[in-house]
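Q: 3D, please:
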Amino acid sequence: MRPMVEFCVSNLSLGSGTVKKILEEENEVDVLEYGCLGNCGQCFVQPYALVNGTLISGKDAEELLAAIKAQIEQAKAEDEAWRELGF
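A: Predicted coordinates:
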């Protein structure tokens, strides 16, 4: 299953729009955009996205992208560990 990264349209101007575009071009995750993700306090302060339902943020687009990729790698490692255990 491909990771899913969700963006709030109201947050795109804070830097998450740049990250969204990069992820769409890389085509390794499913990228979705919504009018609102219900995290208005976070949305007003800094760029963020939801990665498989987990809120990930950064002080700028570069930090957000790194945090998203780290979260995706962590999820892949956890999935692999469960598979090795037979689940």
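
Q: buried set for the helix or strand bottoming out on mean pLDDT in the chain?
A: Sorting the helices and strands of the chain by mean pLDDT, DSSP states H and E puts helix 40-45 at the bottom, at a mean of 91. Neighbour-count burial for helix 40-45 flags residue 43 (criterion: 16 or more other C-beta atoms under 10 Å). In short, each C-beta sits where N, CA and C put it, glycine included.

Q: tell me the first helix or strand C-terminal of that helix.
A: strand 48-51 (DSSP states H and E).

Q: partner strands of that following strand, with direction?
A: Applying DSSP bridges to the sheet, strand 48-51 is found paired with strand 4-8 (antiparallel), strand 54-57 (antiparallel).

Q: identify each buried residue in the last one, please.
A: Same thing as strand 54-57. Of the residues in strand 54-57, 56-57 count as buried by neighbour count, 16+ other C-beta under 10 Å.

Q: for that strand, list the C-alpha coordinates in CSV.
A: Output of strand 54-57 as CSV, limited to C-alpha atoms (Å, rounded to 0.1, in the frame of the first residue of the first chain):
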residue,chain,number,x,y,z
THR,A,54,-0.4,11.4,11.4
LEU,A,55,0.2,15.2,11.6
ILE,A,56,3.7,16.1,10.4
SER,A,57,4.9,19.7,10.4
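
Q: with just CA atoms, put whichever helix or strand comes after it into CSV.
A: Next helix or strand after strand 54-57 toward the C-terminus (DSSP H and E): helix 61-84. Extracted as CSV, the C-alpha positions of helix 61-84 are listed here (Å, rounded to 0.1, in the frame of the first residue of the first chain):
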residue,chain,number,x,y,z
ALA,A,61,9.0,23.6,3.2
GLU,A,62,12.4,21.9,3.4
GLU,A,63,11.9,20.8,7.0
LEU,A,64,8.4,19.6,6.2
LEU,A,65,9.6,17.5,3.2
ALA,A,66,12.3,15.9,5.3
ALA,A,67,9.9,15.1,8.1
ILE,A,68,7.4,13.6,5.7
LYS,A,69,10.0,11.4,4.1
ALA,A,70,11.3,10.3,7.6
GLN,A,71,7.7,9.4,8.6
ILE,A,72,7.2,7.4,5.4
GLU,A,73,10.5,5.5,5.9
GLN,A,74,9.6,4.8,9.5
ALA,A,75,6.3,3.4,8.5
LYS,A,76,7.9,1.2,5.8
ALA,A,77,10.4,-0.2,8.4
GLU,A,78,7.6,-1.0,10.8
ASP,A,79,5.6,-2.7,8.1
GLU,A,80,8.6,-4.8,7.1
ALA,A,81,9.2,-5.8,10.8
TRP,A,82,5.6,-7.0,11.0
ARG,A,83,6.0,-9.0,7.8
GLU,A,84,9.1,-10.6,9.1
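
Q: before I go, just wanted to say thanks for your time.
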